[in-house]
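Asks: This is the structure alone, sequence omitted:
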């Protein structure tokens, strides 16, 4: 049953959880229309799970290896999301591609942050430090981050927000990664969570008035 107040959010993570922390830190300020009800990791050793614990947020581990097939993995995801009444899914460094069936089930209810200005340096194979290596190799002067809806095409969904970051001389992939996180990802991801949550609440009210 849908929460009548704030939108219930699940954050899916695989690693350190810096973007999860950015969302946690924005609750009550930038994010007023949503609450993090669940954190799910496909990696039992992800530090993001510690961040969730420190913030008092329920967390679950759903290992793709243990599920054997993509179908079983997604069945477990859907069960966890349904049981917790999740209305919005945020992919925050979630290193597992979701199937077309899954993304269709949650149409315009899954968002992802990508460390480039889509359509540059995105799609299959472009994740983490590789994105920044590619940007520097290509010689672009401006990069940034994008929050977008998730569909069956990797990084192919509708763009919600973007923020640019100028590349410095003698920039390394590591320094660029840190600056893109601080100057773009951690700013636009909470804003996008709020924007999408407000839209979910608006649609919820329209549905209830019918």
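Replies: Arrived safely, thanks for sending. A quick note: this is a predicted structure, and the numbers were derived from the prediction, not measured. Numbers count the residues shown, from 1 in each chain.
Asks: switch to C-alpha atoms for all contacts and neighbour counts from now on
Replies: Fine.
Asks: Model confidence for the residue sitting furthest away from the middle of the chain, exactly?
Replies: Farthest-out residue of the chain from its mean C-alpha position, per CA atoms, centre = their mean: residue 210, at 31.7 Å. At residue 210, the model reports a pLDDT of 74.
Asks: Mind telling me which residue is nearest the centre of this protein?
Replies: Nearest to the geometric centre of the chain sits residue 91, at 2.5 Å (CA atoms, centre = their mean).
Asks: what residues are up against it?
Replies: 11-13, 110-113 (CA atoms under 8 Å, 6 or more residues apart in numbering).
Asks: Which of the residues you listed fall within strands?
Replies: Within the contacts of residue 91, residues falling in strands by DSSP state E are 11-13, 110-113.
Asks: Now tabulate the residues you listed in CSV and tack on pLDDT and distance to residue 54.
Replies: Shown next, in CSV, are those (pLDDT from 0 to 100; distance: CA to CA, whole Å):
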residue, pLDDT, distance to residue 54
11, 98, 15
12, 97, 17
13, 96, 15
110, 97, 25
111, 97, 24
112, 95, 23
113, 95, 23
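Asks: Spit out the contact partners of residue 193.
Replies: 31, 34, 90.
Asks: Hmm, I typed the wrong one, I wanted residue 48.
Replies: Contacts of residue 48 (CA under 8 Å, 6+ apart): 13-18, 20, 41.
Asks: how far away is the closest residue to residue 111 other than its chain neighbours from residue 34?
Replies: Once flanking residues are discounted, residue 111 sits nearest to residue 149: 4.4 Å by CA to CA, 6 or more residues apart in numbering. Distance, residue 149 to residue 34, by CA to CA, to the nearest Å: 17 Å.
Asks: Residue 87 too?
Replies: Between residue 87 and residue 34 the computed distance is 10 Å (CA to CA).
Asks: shared neighbours of those two, anything?
Replies: Taking CA under 8 Å, 6+ apart as the contact rule, the neighbours common to residue 87 and residue 34 are 7-9.
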